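Colleague: Mind looking at a prediction? Sequence and model below.
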Amino acid sequence: MSLPVPYYDDGRGIVIYHGDCREILQQLPKVDLVLTDPPYGCAATTGWGGTYDKFEIAGDKDTTLRDWVIQIFPCPWIIFGSPRIARPSCKAVLIWNKGEHTGMGDLSFPWKPDFEEIYINGIGFSGPRTSSVLSFNARIDSGRYHPAEKPVELIAALMMKGPLGTILDPFMGSGTTLRAAKDLGRKCIGIEIEEKYCEIAARRLQQEVLNLG
């Protein structure tokens with residue numbers, strides 16, 4: 001079985017495939033780093049009204065998709081997750097401090113849920129030794145392309161310490177990982193099951209390269 005025709009290909013190593021990653025991943029050539037924000041397995045939904053009211057994430061009932069990707073790709077990986085769900089076996093855990101732009105959570109509880117976890121595994125990571133707490137403000141609802149969107153600057157900071165070579169994001173969403181890769185001159189493959197997000201990602205990638213240092 002051959003790979004489907006790319007939904008988007010900039011001719012310089014940034015490629016989007018539209019479809020189910022379980023059908024596409026096993027046809028891909030070798031990649032050097034998986035950097036992704038998979039379904040966490042916590043059946044998350046939004047309920048604060050607005051654009052993403054009652055939004056649900058496909059495959060988020062359990063960690064099956066996350067664990068499957070880890071198993072089939074032996075390369076290093078950086079994977080986002082929820083502190084409410086059992087962690088995968090990994091080398092290190094980083095904390096993303098999301099700042100003030102987070103959900104309200106349980107209003108009867110006197111602490112706000114304003115962080116997520118990032119799991120690191122494999123070898124080949126390098127760069128300046130910095131804190132394991134990464135502080136980047138979450139995107140506000142009115143500025144998001146996707147309700148679970150991560151800041152480009154956060155993804156870029158992680159990517160810059162990862163191994164060189166081709167990056168894979170099998171749960172691409174609105175294309176933040178690919179946008180960061182393009183800005184850093186890296187090669188990246190993204191897969192997304194919902195076509196509307198493939199379209200959004202393609203539009204983001206057509207914008208000029210940003211300076212991420």
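Modeller: Looks like it arrived, so ask away.
Colleague: Skipping adjacent residues, who's closest to G19 in space?
Modeller: Sequence neighbours aside, P4 is the residue nearest to G19 in space, at 6.0 Å (criterion: CB to CB, 6 or more residues apart in numbering). To be clear about C-beta, it is placed using only N, CA and C from the backbone, and glycine gets the same treatment.
Colleague: My guess is the one you found contacts I16. True?
Modeller: No: counting by CB atoms under 8 Å, P4 does not reach I16; the two are 10.6 Å apart.
Colleague: quick one, which of those two is more surrounded?
Modeller: The neighbour comparison of P4 against I16 (other CB atoms under 10 Å) goes to I16, with 24 against 13.
Colleague: List phi and psi for the closest residue to the more buried one other than its chain neighbours.
Modeller: Leaving aside its chain neighbours, I16 sits nearest to Y8 (4.0 Å; criterion: CB to CB, 6+ apart). In terms of degrees, to the nearest 10, the main-chain angles of Y8 are phi -150, psi 140.
Colleague: Near Y8, how many other residues are there?
Modeller: Neighbourhood size, Y8 [other CB under 10 Å]: 19.
Colleague: Tell me which helix or strand C75 sits in.
Modeller: Of the helices and strands defined by DSSP states H and E, none includes C75.
Colleague: Check what pLDDT the residue nearest to G19 gets.
Modeller: Per-residue confidence (pLDDT) for P4: 86.
Colleague: Tell me, how many residues neighbour S2?
Modeller: Neighbours of S2 (other CB under 10 Å): 5.
Colleague: May I ask which helix or strand of the protein has the lowest mean pLDDT?
Modeller: helix 64-72 (a mean of 88; mean pLDDT, DSSP states H and E).
Colleague: Pull out the buried residues from that helix.
Modeller: Within helix 64-72, the residues scored as buried using 16 or more other CB atoms under 10 Å are L65, R66, W68, V69, I70.
Colleague: One more: stretch 17-27?
Modeller: Y17, H18, C21, R22, I24, L25.
Colleague: Pull the residues that contact it.
Modeller: Contacts to stretch 17-27, defined as CB atoms under 8 Å, 6 or more residues apart in numbering, come from residues 1-4, 6-7, 65, 68-69, 72-73, 170-171, 189-193, 195, 198.
Colleague: let's see 10 Å
Modeller: With CB atoms under 10 Å, 6 or more residues apart in numbering as the test, stretch 17-27 has contacts from 1-9, 28, 31, 34, 36, 38, 58-59, 64-65, 68-69, 72-73, 168-172, 189-195, 197-199, 201-202.
Colleague: which secondary structure elements does the top helix by length along the chain contact?
Modeller: Ranked by residue count under DSSP state H, the longest helix found in the chain is helix 195-205. Where contact means 3 or more CB pairs under 10 Å, 6 or more residues apart in numbering; DSSP states H and E, helix 195-205 is packed against strand 8-9, strand 14-18, helix 176-184, strand 187-192.
Colleague: R186 versus V34, what's the distance?
Modeller: Distance, V34 to R186, by CB to CB, to the nearest Å: 13 Å.
Colleague: H18 too?
Modeller: According to CB to CB, H18 and R186 sit 21 Å apart.
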